[in-house]
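1. task: produce atomic coordinates for the following.
(chains A and B)
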Amino acid sequence: MYQTQMYEGMLAETVTISGDGNTLINAYLARPLGAGPFPAVILLHHMPGWDEWYREATRRFAHHGYVALSPNLYFRVGHGAPEDVAVKVRADGGISDDGVVGDVAGALAYLRSLPYVSGKIGLFGTCSGGRHAYLAACRLPTVNAIVDCWGGRVVMAEKDLNPKTPVAPIDYTANLACPLLGLFGNDDTSPSPEQVDLHEQALIAHGKTYEFYRYPGAGHGFFYYHRPNYRQEQAVDGWEKIWQFLAKHL
Amino acid sequence: MCTMIAKKIPVAGSGKGSGGWFSVNQANVSYDHPFHIPHEHALNLDFVNESLGLDARVAVELSADDARQLVQTILAVLEEAEAGGHLE
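-> Modelled structure (predicted):
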């Protein structure tokens, strides 16, 4: 952690990366200044969009010594205010899982091309981003760690599968090849405690390395200080768990 | 969103957004995490015309109770209009 007498610098800007199908998408990159090399984190944004909270979170990871990249998973849907874009995604039933995995693969390649990145890369996501992070970590073996914050629909009923989400992420658990940190609120309904139980059972059955923290008195999105579900104590503890986990594995 | 409960229907109407009146051609209805109303879930209405840009949007977020009351009120008004011979 920084000391008050240290110099700290950060560069944060929008960049372009090659995503799914080698098509270009934009992303927000925040990195510590200097040669590093630094470990990296890819942030997969939530359903409310590629929004200000994710800008802040990306810079927060850079402040903590990571090269942080937040791809715009909604790039192909259209452009405008993040909320307006998210509204279209919501009406259209979300985005394609295969497209997200392709974009994450592109983000991994982009980060590994940077001279100041150490080569160790983790994924972080909240809400649908947590689900996407889990899915991508299972399908992309070069991910080194993954933080899944309250990702709903990792466990999915047959009736909820569709062409955009044809396979429940939990069905890929056997392929998970990196440690997983999961943070969940016990009052959440997606994922519900029962669904988190099923997720945990799958991890145990496949002998995966994981840490789950399940917070009483918290529901969905308890990190979001701008929403009524914010829970101060649980959020502070959750962030601390994230820093400890990533320091150990990246 | 996390419930994935969302439907959209074509409509032909007018909406007044931040830029003034525009032709609305779609109504999106969802029950999921809202952007503004301080509830975890809400009935979210978006009257849009995506061909005019994604900011061509009139948004309303309501509690489930208020949304049900609104539905009943809309139907009651339409019934009264029909009874009065006003529907075209």
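
2. so which bits of stretch A:231-249 are buried?
-> A:231, A:234-235, A:238, A:241-242, A:245-246, A:249 (16 or more other Cβ atoms under 10 Å in any protein chain shown). Yep, even glycine has a C-beta here, placed from its N, CA and C like the rest.

3. now, the residues you listed that are in helices?
-> Using DSSP state H, the subset of the buried residues of stretch A:231-249 located in helices is A:234-235, A:238, A:241-242, A:245-246, A:249.

4. helices of chain B, start to end?
-> Applying DSSP H to chain B gives helices spanning B:64-83.

5. please read the previous query as pertaining to chain A.
-> Per DSSP H, chain A carries helices over the ranges A:52-63, A:82-91, A:97-112, A:128-139, A:193-205, A:232-249.

6. ok, residues contacting the fourth one?
-> Under the contact criterion Cβ atoms under 8 Å, 6 or more residues apart in numbering or on different chains, helix A:128-139 has outside partners A:43-47, A:73, A:94, A:97, A:100-101, A:104-105, A:123-125, A:143, A:146-154, A:169, A:172-173, A:175-178, A:180, B:1-2.

7. just the pLDDT at B:Met1, thanks.
-> For B:Met1, the pLDDT comes out at 47.

8. now do A:Asp148
-> pLDDT recorded at A:Asp148 is 98.

9. OK, contacts around it?
-> So A:Asp148 contacts A:125, A:130-131, A:133-134, A:154, A:180-183 (Cβ under 8 Å, 6+ apart).

10. of the buried residues of stretch A:231-249, closest to chain B?
-> Lowest distance from chain B to these (Cβ to the nearest Cβ) belongs to A:Arg231, with 12.1 Å.

11. is the closest one in contact with A:His220, as I believe?
-> No - the criterion here is Cβ atoms under 8 Å, and A:Arg231 misses it with A:His220 at 10.7 Å.

12. joint contacts of those two?
-> Taking Cβ under 8 Å, 6+ apart as the criterion, A:Arg231 and A:His220 both touch A:Gly185.

13. tell me the contacts of the nearest residue to B:Gly13 once chain neighbours are set aside?
-> Once flanking residues are discounted, B:Gly13 sits nearest to B:Val24: 4.6 Å by Cβ to Cβ, 6 or more residues apart in numbering or on different chains. Each residue near B:Val24 by Cβ under 8 Å, 6+ apart is listed here: B:11-15, B:47-49, B:58.

14. next one: B:Leu78
-> B:Leu87.

15. what does chain B put close to chain A?
-> Neighbours of chain A within chain B, by Cβ under 8 Å from any Cβ of the partner chain: B:1-4, B:6, B:8, B:26, B:28, B:30, B:32-33, B:35, B:38-40, B:44, B:46, B:48, B:50, B:53-55, B:57, B:59.

16. let's see that with 7 Å instead.
-> For chain B, the residues in contact with chain A (Cβ under 7 Å from any Cβ of the partner chain) are B:1-4, B:6, B:8, B:28, B:30, B:32-33, B:35, B:38-40, B:46, B:50, B:53-55, B:57.

17. in chain B, where is pLDDT below threshold?
-> Across chain B, the ranges flagged by pLDDT under 70 are B:1.

18. residue closest to the middle of it?
-> What sits nearest the mean C-alpha location of chain B, by Cα atoms, centre = their mean, is B:Leu45, with 3.6 Å.

19. A:Leu111 and A:Ile242, how far apart?
-> Per Cβ to Cβ, to the nearest Å, A:Leu111 is found 18 Å from A:Ile242.

20. and for A:Ala91?
-> Counting by Cβ to Cβ, the gap between A:Ala91 and A:Ile242 amounts to 32 Å.

21. same deal with A:Arg90?
-> For A:Arg90, the distance to A:Ile242 (Cβ to Cβ) stands at 27 Å.

22. then A:Thr58?
-> Applying Cβ to Cβ to A:Thr58 and A:Ile242 gives a distance of 14 Å.

23. what of A:Phe124?
-> Taking Cβ to Cβ as the measure, A:Phe124 falls 7 Å from A:Ile242.

24. identify the contacts common to the two.
-> Residues touching both A:Phe124 and A:Ile242 by Cβ atoms under 7 Å, 6 or more residues apart in numbering or on different chains: A:Val147.

25. list the contacts of A:Asn144.
-> Listed by Cβ under 7 Å, 6+ apart, the contact partners of A:Asn144 are A:120-122, A:178, A:249-250.

26. cool, and A:Gly9?
-> Listed by Cβ under 7 Å, 6+ apart, the contact set of A:Gly9 reads A:32-33.

27. check A:Tyr215 too.
-> A:184-186, A:222, A:234.

28. filter those down to the buried ones.
-> Among the contacts of A:Tyr215, those buried by neighbour count (16+ other Cβ under 10 Å) are A:184-185, A:222, A:234.

29. would you mark the buried spots in stretch A:86-96?
-> Of all the residues in stretch A:86-96, those buried under the rule 16+ other Cβ under 10 Å are A:86-91, A:94-96.

30. nope, stretch A:115-129 is what I meant
-> For stretch A:115-129, the buried set under the neighbour-count rule, 16+ other Cβ under 10 Å, comprises A:117-118, A:120-129.
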